[in-house]
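> Pasting the sequence and the predicted coordinates here, then a few questions.
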Amino acid sequence: MAGLDPAIHPTAVPLPKTARAVGITTRRGNAVTEPTETLIAAFWNAQQRGEYFPAAFYNQLTIDQAYRIQLGLIDRRVAAGERQLGWKVGLTAPAIQQQFGFHEPVFGCVLDSKPSGHVFAAGELIAPGFE
């Protein structure tokens, strides 16, 4: 993906095959069929409006699609001027994975961006927790 630091972002990121998350399904039958670029654009446009997980996609994405969308959004954010600092891996302990219904760790990118000043209301958070 253009714009990402190859030292931090490997060209072939292994995508988990099994997991359960809010808004993600492991059943291919429910998955949307739009091309990945279309999904990335839909999520990017929604984020520009302040909607970070478009309701139309809730329980409609596979974990593979979700990670591909995440990577595409990271690429767009870096192209827009944010700086990639590294990766965050979560749910690494089996007990925590079991508590949240996952079968493996999850990952996300840490970006350096300008603070928005936004304060999240409790109702805006999806199952917040600490690991």
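Happy to help now that I have it. Numbers count the residues shown, from 1 in each chain.
> May I see the buried residues of stretch 106-122?
106-107, 109 (16 or more other Cβ atoms under 10 Å). Any C-beta I mention is one placed from the backbone N, CA and C, and that applies to glycine too.
> ditto for stretch 43-50
If you call a residue buried by 16+ other Cβ under 10 Å, then stretch 43-50 has these buried ones: 43, 46.
> export the buried residues of stretch 106-122 to CSV and tack on pLDDT and secondary structure?
Supplementary listing: the buried residues of stretch 106-122 in CSV, determined by pLDDT from 0 to 100; DSSP: H, G, I helix; E, B strand; the rest coil:
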residue, pLDDT, secondary structure
V106, 88, strand
F107, 88, strand
C109, 89, strand
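> Distance to Q47 for those residues - can I get that in CSV?
Output for these, formatted as CSV (distance: Cβ to Cβ, whole Å):
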residue, distance to Q47
V106, 19
F107, 19
C109, 14
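> closest to L71 among those residues?
L71 lies nearest to C109 out of those, by Cβ to Cβ, at 8.1 Å.
> beta partners for the closest one?
W87 (DSSP bridges).
> In this structure it contacts K88, no?
Yes: counting by Cβ atoms under 8 Å, C109 does reach K88; the two are 7.4 Å apart.
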